[in-house]
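Student: What follows is a predicted protein model with its sequence.
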Amino acid sequence: MTTEPGTLSSARYGKDLIRVLRVVREGSTHHVVEYNVRALVEGDIATSYTEADNSVVVATDSIKNITYYVAKISPHILSPTRFALHLATFLLSKYPHLNKAFVDVDRLRWSRISVGGQGESSSHPHSFIRDGDDKQTVSVVVDATKGKDKVIAQVKGGMRDLLVLKSTGSAFRSFVRDEFTTLVEVPDRILSTAVDLEYVFGEVQIPAEFKDADKTLKSFTLTSAGLCDVWDADKAADLARKVTLELFATDESESVQATLYKMAQTLLAEDKYINSVTYKLPNKHYVPVDMRYIGVENMKPSEAEVFVPLAAPSGLITATVTRK
Ligand SMILES: O=c1[nH]c(=O)c2[nH]c(=O)[nH]c2[nH]1
């Protein structure tokens, strides 16, 4: 064979878009979670690319089957973060030649249906409603490249597709004005975005009982980054949603940039285990309809009533705020 011009500098594979719903029965009270899972691995797999050597390949079909298996046996299934860590540690402890696992989980919303009359409504024990298109996101990397007794986990949380709109309490003024400027300054406008948020926790040392994935996860809940301390990634997810919604609603916004920054600072202030926060906020424009051609006024800020939602283009405002 002629000399190859390139070298394999990275290789990772696995299964994407694994959809799973799990029921946990607690007597007549049921819990359900629905996840979209991506599970990818790295390790001594180069020859599968360079020499068509499939002896090192755990089929992506098997990775899918393992995902369902861990969903069945994991005591951590109701927590997307711990389920992701369990699946990742399972893959690495089962296959000696794999040394890094990347598991992303999106949790879809299923909330209990409220039943009963006024004053006596209660949450139904086994009926649920999709009460929002937003997803809680979890992304874990479990790294055993320094040995299976020195396993490190990087855990990120976040959310996607949280669609919000406010009809006042948002201005946009004093921006650069030059020959390219057509936008008028407004003291009052509609503000709408679909929140995309990711926050990074400190690295976690997975303790020595790594070989037993279940034991590992039990001790994981009690230790973080070698400290005897507890952090709860799912509690952080609830906090992040609350902080984001409350600040969006209450901030007298001077711009998406300024509101984003306040959200990120508040999240860092309220969860000491979060090291950095990244928001990606599209500015979904709503434009007042000009009806002056028919003698109708609809263009004044605070008075306009009829708007066109613009599908495209949208602004896109992003930033990462990192703990000092
Ligand atoms: O909040 C905003 N930030 C911008 O950077 C921008 N640019 C723009 O046209 N509208 C807005 N709104």
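Tutor: All right, it came through fine.

Student: What ranges does the stretch 1-150 of the chain have for its helices?
Tutor: 46-50, 60-73, 80-94 (DSSP state H, counting those that start in this stretch).

Student: residues contacting whichever residue of the stretch 101-250 of the chain sits closest to the ligand?
Tutor: Proximity of the stretch 101-250 of the chain to the ligand (Cβ to the nearest ligand atom) peaks at residue 172, 4.4 Å away. In short, each C-beta sits where N, CA and C put it, glycine included. By Cβ atoms under 8 Å, 6 or more residues apart in numbering, residue 172 lies in contact with 183, 185-186, 189, 254-255.

Student: Spatially central residue for the protein, please.
Tutor: residue 137 (2.5 Å; Cα atoms, centre = their mean).

Student: what about it, distance to residue 106?
Tutor: Using Cβ to Cβ, to the nearest Å, we find residue 137 at a distance of 5 Å from residue 106.

Student: Could you pull out the residues contacting both of these two?
Tutor: By Cβ under 8 Å, 6+ apart, the residues touching both residue 137 and residue 106 are residue 160.

Student: can you count the residues close to residue 162?
Tutor: Applying other Cβ atoms under 10 Å, we find 20 other residues in the vicinity of residue 162.

Student: beta partners of it?
Tutor: Beta-bridge pairing for residue 162 (DSSP bridges): residue 195.

Student: And it, what's its pLDDT?
Tutor: For residue 162, the pLDDT comes out at 98.

Student: Same question for residue 132.
Tutor: Value for residue 132, per-residue pLDDT: 97.

Student: Nearest spatial neighbour of it, chain-adjacent residues omitted?
Tutor: Distance criterion Cβ to Cβ, 6 or more residues apart in numbering; nearest residue to residue 132, sequence neighbours excluded, is residue 109 at 4.9 Å.

Student: Point out the residues in the stretch 101-250 of the chain that sit beside the ligand.
Tutor: 172, 183 (Cβ under 6 Å from any ligand atom).

Student: Tell me where the stretch 101-250 of the chain has strands.
Tutor: According to DSSP state E, counting those that start in this stretch, the stretch 101-250 of the chain carries its strands in the segments 111-115, 122-129, 135-143, 151-166, 191-201, 204-206.

Student: which one of those strands lies closest to residue 28?
Tutor: strand 122-129 (5.6 Å; Cβ to Cβ).

Student: on that earlier part again, so which of the strands of the stretch 101-250 of the chain comes closest to residue 44?
Tutor: strand 135-143 (14.8 Å).

Student: and the angle for that closest one with strand 191-201?
Tutor: 30 degrees (axes from the mean of the first three to the mean of the last three Cα atoms, to 10 degrees).

Student: buried sites along the longest helix belonging to the chain?
Tutor: Counting by DSSP state H, the longest helix found in the chain is helix 233-250. Neighbour counts over helix 233-250 (16 or more other Cβ atoms under 10 Å) mark 233-234, 236-237, 239-241, 243-244, 247-248 as buried.

Student: what does stretch 5-23 give?
Tutor: 13-15, 18, 20, 22.

Student: pLDDT weak spots in the chain?
Tutor: 1, 207-231 (pLDDT under 70).

Student: follow-up on the earlier one: verify the contact between the residue nearest to residue 132 and residue 159 for me.
Tutor: No: Residue 109 is beyond contact range of residue 159, at 10.4 Å (criterion: Cβ atoms under 8 Å).
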